[in-house]
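>>> below: sequence and its predicted model.
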Amino acid sequence: MLIVRPVRISDLPLIETMAVESGIGVTSLPNNREKLYEKIQTSLGAFEHEAIAGTGREYYMFVLEDEGRVIGTASISASAGFEEPFYSYRSETMVHASRALKVNNRIHVLTMCHDLTGMVQLCGFFCSPQYQLRAYELLSRARLLYMAAARERFGRRILVEMQGMLDENDQSPFWDAIGRRFFNMDFPQVEQAFAQRSKTFIAELMPTYPIYVPLLPDAAQNAIGQIHPDFERPFSILSREGFEADDYIDIFDGGAVLTAEVDQLFSLRQQGIYQVEVAPVLPAGAQEMLLSNHRSGQFAATQAHASLVDDVMFITQETARALSVSSGQRICTAPLLPEAGRAQA
């Protein structure tokens, strides 16, 4: 049975393996044992935090288990850029006009900014590619059910960065056109530096003036706001949740940055809190759905069949064990995501 739970120290070896498998695309999952251990320790402290509201420093790391084996990981940063600004490019239009020449041109420009600093950030997502979309959906959405259980810890707006387009040599056309000219570093090198060191080097070396997009090579222009094929599954899940591409792109590879209002996401709008009843056989009308134990501490989530009868949610004994709940306690439920292209009620 697939289960999402908070990370443990004992998960470190498998998290290291996933950091290697994820390549350079997941900068919040660095291939560095000390950094990963530090993230796990930070996560343990966040889950143990008893305050009514979070400080913004919290980092929550989850893992996906299949019969006790860790096969994926995903995280939440309560406040993007809490200690340092969260940099991105804002995509906007600049007007160049001359009344004398009767010329009025609207030019696409990119301006470095930290407008998104302080927003909740979904990050560190990786799931073994051999698993079906069901596992991806559970891992991605379980984080949102945790946010529903500890809503006071998180802000109003949320973002997630998508990896941009790379060529066959894992180089970024967008980076080659802009960043390389100021860093003199390959894209994999700067991604590694971004994952393991202070982000202040961005402000120190990147151009602060607007970048005129028409002056960039065609390959760089075509990469703006695009998503790497390896991220199509996570993107599909997030877009059906209600995330949309905003006027911001990643400062390194030009990949899309998705944003949303937390309380308008599908999982939070459609969630229900019910008293649970553990039954050997489910009543008629059971449906597959996302289920969590609705706890901020000792959190657990899974995807299973359950039946709602007179405001009581009936679950199987296997599901109860997965969620560590018993009859009379409460659980949180959310329906499966609508199929791609279907309207979200």
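Happy to help now that I have it.

>>> show me the shaky parts of the stretch 101-250 of the chain.
Applying pLDDT under 70 to the stretch 101-250 of the chain picks out residues 194-200.

>>> can you show me the strands along it?
With DSSP state E, counting those that start in this stretch as the criterion, the stretch 101-250 of the chain has strands at 103-113, 120-127, 157-161, 211-212, 244-249.

>>> so for N31, which of those strands sits nearest?
Set against N31 and scored by C-beta to C-beta, the strands of the stretch 101-250 of the chain come closest in strand 120-127, at 11.6 Å. For the C-beta atoms, the positions are set from N, CA and C on the backbone; glycine is no exception.

>>> and the angle from the closest one to strand 157-161?
40 degrees (axes from the mean of the first three to the mean of the last three C-alpha atoms, to 10 degrees).

>>> give the bridge partners for the residue most central in space within the chain, please.
Compute the mean C-alpha point of the chain, and by C-alpha atoms, centre = their mean the closest residue is L122, 2.8 Å away. As for beta bridges, L122 partners with I76, V160 under DSSP bridges.

>>> look up how far V276 lies from it.
28 Å (C-beta to C-beta, to the nearest Å).

>>> put together JSON lines for the strands of the stretch 101-250 of the chain, with distance to S296 on each row.
Formatted as JSON lines, these follow (distance: least, C-beta to C-beta, whole Å):
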{"stretch": "strand 103-113", "distance to S296": "33"}
{"stretch": "strand 120-127", "distance to S296": "15"}
{"stretch": "strand 157-161", "distance to S296": "18"}
{"stretch": "strand 211-212", "distance to S296": "43"}
{"stretch": "strand 244-249", "distance to S296": "28"}
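
>>> ok, which of those comes nearest S326?
It is, among those and with distance given as C-beta to C-beta, strand 120-127, at 29.9 Å.

>>> mind giving me the packing neighbours of the closest one?
Secondary-structure packing of strand 120-127 (3 or more C-beta pairs under 8 Å, 6 or more residues apart in numbering; DSSP states H and E): helix 12-21, strand 69-77, helix 133-149, strand 157-161.

>>> got the angle for the last one vs helix 133-149?
Strand 157-161 runs at 150 degrees relative to helix 133-149, counting by the same axes, to 10 degrees.

>>> just the CA trace of strand 157-161, in CSV.
Extracted C-alpha coordinates of strand 157-161, given in CSV (Å, rounded to 0.1, in the frame of the first residue of the first chain):
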residue,chain,number,x,y,z
ARG,A,157,-0.1,32.2,-1.9
ILE,A,158,1.9,29.2,-3.1
LEU,A,159,4.4,28.6,-5.9
VAL,A,160,6.3,25.8,-7.6
GLU,A,161,9.2,25.9,-10.1
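
>>> what's the angle between it and strand 244-249?
Using the same axes, to 10 degrees: strand 157-161 against strand 244-249 is 70 degrees.

>>> same question, the second one
Here strand 69-77 points in a direction 70 degrees away from that of strand 244-249 (the same axes, to 10 degrees).

>>> show me what strand 69-77 packs onto, helices and strands only.
Counting contacts by 3+ C-beta pairs under 8 Å, 6+ apart, strand 69-77 is packed against helix 12-21, strand 59-66, strand 120-127, helix 133-149.

>>> ok, now with 6 Å
For strand 69-77, the packing partners by 3 or more C-beta pairs under 6 Å, 6 or more residues apart in numbering; DSSP states H and E come out as strand 59-66, strand 120-127, helix 133-149.

>>> what residues sit buried inside it?
V70, I71, G72, T73, A74, S75, I76, S77 (16 or more other C-beta atoms under 10 Å).

>>> export those residues to TSV and tack on distance to I3?
Converted to TSV, the buried residues of strand 69-77 look like this (distance: C-beta to C-beta, whole Å):
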residue	distance to I3
V70	10
I71	11
G72	11
T73	13
A74	13
S75	17
I76	18
S77	23
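
>>> which one of those residues is nearest T93?
S77 (30.5 Å).

>>> now do the helices in the stretch 201-345 of the chain.
218-223, 232-241, 266-270, 317-323 (DSSP state H, counting those that start in this stretch).

>>> tell me how far stretch 293-309 lies from the chain's centre.
Counting by C-alpha atoms, centre = their mean, to the nearest Å, stretch 293-309 is centred 21 Å from the centre of its parent chain.

>>> actually, stretch 205-225.
Relative to the chain's own centre, stretch 205-225 is displaced by 25 Å; criterion: C-alpha atoms, centre = their mean.

>>> what's the first-to-last distance across that stretch?
This stretch, stretch 205-225, spans 22 Å end to end (C-alpha to C-alpha, to the nearest Å).
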